[in-house]
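*Asks:* Sequence and predicted structure below; questions after.
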Amino acid sequence: MYIYDEYDQRIVEERVAQFRDQTRRYLAGELTDPEFLPLRLQNGLYVQRYAPMLRIAIPYGLISSKQMRKLAFIAREYDKGYAHFSTRQNVQFNWPALEDVPDILAHLAEVQMHAIQTSGNCIRNTTTDQFAGVAADELVDPRPWCEIIRQWSTFHPEFAYLPRKFKIAVNGASEDRAAIGVHDIGLNVVKNDAGEIGFRVLVGGGLGRTPMVGSEINPFLPWQHLLSYLDAILRVYNRYGRRDNKYKARIKILVKALTPEVFAERVAAEWQHTKDGPTTLTEDELNRVAGHFSAPAYDSFSGDDADYLAKREAEKGFNNWAMRNVHAHKVPGYAAVTLSLKPTAVAPGDATDKQMDAAAELADRFSFGELRVTHQQNLVLADVRQADLHALWEAAKELGFATPNIGLLTDIICCPGGDFCSLANAKSIPIAEAIQRTFDNLDYLHDIGELDLNISGCMNACGHHHVGHIGILGVDKKGAEFYQVSLGGDSGRNAAIGKILGPSFAAEEMPAVITKVVDVYLEKRTPEENFIDTFQRIGMDPFKERVYAATH
């Protein structure tokens, strides 16, 4: 993974000292709330319902065991003993005291971590595939490109105060596990007929109040011009994006207003000022960054481990876990493993300090000391020998990491909701727990098959409900918490925004509503179909008729 040089380290330490003084001045009454607001946001600090929330950057989701142990220490010493892993592949602390935040940032700097640009109207953490570098379906490892974008965008003076927050995702595999279609900029690595590497560029995706799928503005951007072209996109947005209304300030609104064709023309015109300039990438620069992501010292195997396959045949529990939580690896004899953070009765994405310490131990023991944070709010050990999978499973069971539900209905993406967030209209976590309890039979879950269920507590869509196969949105109905259901969303290659099922439901109705939706799917599916396939074939009406039958 990328290691700081002396300049990186000094910059981060100077930022800690700067924010320590800003916090001191604020607590002393020398800075007003409006004056302190942009300063704290630049350092990942929010004011939530009950306490500040501090968001820590985990660039493209890659974290070392040493860094994970530091997060565990912070959770233990400065929070309530846990942390929350988010869909942005970051981590959040929900209970730090304001006066402790400078000390927390100083601890993070000791392990090359920070909270810079995790909030505010700037370029946020660039995300990618949690299996980057090891995925069997990968064309190119996207992590060097993410790191190049990180270095370009961090402290970029021209883009520190954009009209709104800005998010970039990069995908390098045939399957899209980075949800590039619903980002401000989505980059998909492609090869042209000559075998040259470039990027298909999507712009204007995003969720929130006006969900949209991004539009292609360049089918093939040569990799050498990546930064100058991104620069042109941001300049057009910075110049023409709306600043009078924050709900209409995202780049997706500008792309829609201009049309993708006109937006692309303006980017092309702007690009002429910077193309072939100082930001043009060279082979030397690419190799410098890519060198930080060299493969670990893999053992040599001719194929699958025979003992691993035999144990799968002999033990149903182990086989169920292997089916859902073990993923193909490009190196023979290895696998990537997802550690589930979705056991029933635990807020999705939460991990205790003890679990974080234990995850670090598992990484050291089984996966070269590295972990990944996923877009789905789980953790990944990317380089596990197949011969070690059974031992890992046994250890994961003891730690609460072995729920065999990855990609299934109870692997819920869920924002903190009204339990923590001051913006939320409704609680999210209790709805997730109620649904998990309803579908707690693993055999039934496996029979249902692949199904994404996402929950957001408000229209800001931190739970990505718009792109869940089933999406749930918390809404305020005359002061009461209700929930709107949507169907047919998709964050993958065929990115789509879900359609609203109908009128909203009270909290206590939600498990029965989801049960009815699943029942329709099970009755109507053909043998090869997952939920999203059946929905696309039969449409909304059968689901609507079943769910609302009692009120018609």
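*Replies:* That came through, no problem.

*Asks:* Identify the single longest helix in the chain, thanks.
*Replies:* Identified as the longest helix of the chain according to DSSP state H is helix 6-27.

*Asks:* what comes up buried for that one?
*Replies:* Along helix 6-27, these residues count as buried under the neighbour rule (16 or more other C-beta atoms under 10 Å): Val12, Arg15, Val16, Phe19, Gln22, Thr23, Tyr26. (C-beta placed from N, C-alpha, C; glycine too.)

*Asks:* Kindly indicate whether the residue lying closest to Tyr548 once chain neighbours are set aside is helix, strand or coil.
*Replies:* For Tyr548, ignoring the flanking residues on the chain, the nearest one in space by C-beta to C-beta, 6 or more residues apart in numbering is Gly502 at 5.9 Å. Per DSSP: H, G, I helix; E, B strand; the rest coil, the secondary structure class of Gly502 is coil.

*Asks:* Figure out how far the helix or strand of the chain with the lowest mean pLDDT is from the centre of its chain.
*Replies:* The least trusted helix or strand in the chain, going by mean pLDDT, DSSP states H and E, turns out to be strand 45-47, with a mean of 93. Remark: strand 45-47 is offset 20 Å from the chain centroid, using C-alpha atoms, centre = their mean, to the nearest Å.

*Asks:* Would you mark the buried spots in it?
*Replies:* When burial is assessed from 16+ other C-beta under 10 Å, strand 45-47 yields the following buried residues: Leu45, Tyr46.

*Asks:* same check, this time on stretch 199-209
*Replies:* Under the neighbour-count criterion of 16+ other C-beta under 10 Å, stretch 199-209 has Phe199, Arg200, Val201, Leu202, Val203, Gly204, Gly205, Gly206, Leu207, Gly208 buried.

*Asks:* can you give me phi and psi for Asp100?
*Replies:* Dihedral angles phi and psi of Asp100 (degrees, to the nearest 10) take the values phi -90, psi -10.

*Asks:* Could you list which residues are in contact with the closest residue to it other than its chain neighbours?
*Replies:* Counting by C-beta to C-beta, 6+ apart, the nearest residue to Asp100 once its immediate chain neighbours are dropped is Tyr78, at 5.1 Å. By C-beta atoms under 8 Å, 6 or more residues apart in numbering, the residues touching Tyr78 are Phe93, Pro96, Ala97, Asp100, Asp103, Ile104.

*Asks:* Which of those are buried? Put it as a PyMOL command.
*Replies:* Here is the PyMOL selection string for the buried members of the contacts of Tyr78, based on 16+ other C-beta under 10 Å:
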select buried, resi 93+96+100+103+104
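
*Asks:* Report the residue spans of the stretch 101-250 of the chain with pLDDT below the cut-off.
*Replies:* When the per-residue scores of the stretch 101-250 of the chain are filtered using pLDDT under 70, no range remains.

*Asks:* And the helices in the stretch 1-150 of the chain, which stretches?
*Replies:* Counting by DSSP state H, counting those that start in this stretch, residue ranges of the helices within the stretch 1-150 of the chain are 6-27, 33-41, 65-78, 101-109, 143-153.

*Asks:* Buried residues, the fourth one. List them.
*Replies:* Think helix 101-109. Neighbour-count burial for helix 101-109 flags Val101, Pro102, Asp103, Ile104, Leu105, His107, Leu108, Ala109 (criterion: 16+ other C-beta under 10 Å).

*Asks:* quick one, what contacts the second one?
*Replies:* When you say that, I think you mean Pro102. The contact partners of Pro102, by C-beta under 8 Å, 6+ apart, come to Val16, Phe19, Arg20, Thr23.

*Asks:* And it, how far from Ala249?
*Replies:* Pro102 sits 31 Å away from Ala249, taking C-beta to C-beta, to the nearest Å as the criterion.

*Asks:* for the buried residues of stretch 199-209, which one is nearest Gly489?
*Replies:* Each of those was checked against Gly489 using C-beta to C-beta; the closest is Leu207, at 9.6 Å.

*Asks:* what about the strands in the stretch 351-500 of the chain?
*Replies:* If DSSP state E, counting those that start in this stretch is used as the criterion, the strands of the stretch 351-500 of the chain fall at 370-373, 379-385, 413-414, 453-456, 470-477, 480-487, 499-500.

*Asks:* now those as TSV including distance to Leu45, mean pLDDT and mean neighbour count?
*Replies:* As requested, the strands of the stretch 351-500 of the chain are exported to TSV (distance: least, C-beta to C-beta, whole Å; pLDDT from 0 to 100; neighbours: other C-beta atoms under 10 Å):
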stretch	distance to Leu45	mean pLDDT	mean neighbour count
strand 370-373	20	98	24
strand 379-385	24	98	24
strand 413-414	23	96	29
strand 453-456	22	98	29
strand 470-477	24	96	23
strand 480-487	27	97	21
strand 499-500	35	98	14
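
*Asks:* Could you dump these into TSV with distance to Pro142 added?
*Replies:* Shown next, in TSV, are those (distance: least, C-beta to C-beta, whole Å):
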stretch	distance to Pro142
strand 370-373	13
strand 379-385	14
strand 413-414	21
strand 453-456	23
strand 470-477	27
strand 480-487	29
strand 499-500	31
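
*Asks:* for those strands, which one sits closest to Ala264?
*Replies:* Each of the strands of the stretch 351-500 of the chain was scored for nearness to Ala264 using C-beta to C-beta, and the closest is strand 499-500 (28.1 Å).

*Asks:* Quick one: list the elements packing against that closest one.
*Replies:* Under the contact criterion of 3 or more C-beta pairs under 8 Å, 6 or more residues apart in numbering; DSSP states H and E, the helices and strands touching strand 499-500 comprise strand 480-487.

*Asks:* Would you give the sheet partners of the strand it packs on, along with the direction of each?
*Replies:* According to DSSP bridges, strand 480-487 forms sheet pairs with strand 470-477 (antiparallel), strand 499-500 (antiparallel), strand 505-506 (antiparallel).

*Asks:* Arrange the ones you listed in TSV, one row each, with distance to Met459 as further columns.
*Replies:* Listed next are the strands paired with strand 480-487 as TSV, based on distance: least, C-beta to C-beta, whole Å:
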stretch	distance to Met459
strand 470-477	7
strand 499-500	13
strand 505-506	17
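
*Asks:* what's the closest of these to Ile148?
*Replies:* In this view, the strands paired with strand 480-487 are compared for proximity to Ile148 by C-beta to C-beta, and strand 470-477 is the closest at 33.4 Å.

*Asks:* which other residues reach that closest one?
*Replies:* Everything outside strand 470-477 that qualifies as a contact, by C-beta under 8 Å, 6+ apart, is 409, 417-418, 424-428, 431, 451-459, 461, 463-465, 481-487, 489, 498, 504, 510, 514, 517, 531.

*Asks:* What sits closest to Phe36 if chain neighbours are left out?
*Replies:* Counting by C-beta to C-beta, 6+ apart, the residue nearest Phe36 is Tyr26, at 4.4 Å.

*Asks:* Assumed Leu221 was part of a helix.
*Replies:* No: residue assignment for Leu221, taken from three-state DSSP, gives strand, which places it outside any helix.

*Asks:* and the gap between it and Leu227?
*Replies:* With distances defined as C-beta to C-beta, the gap from Leu221 to Leu227 amounts to 11 Å.
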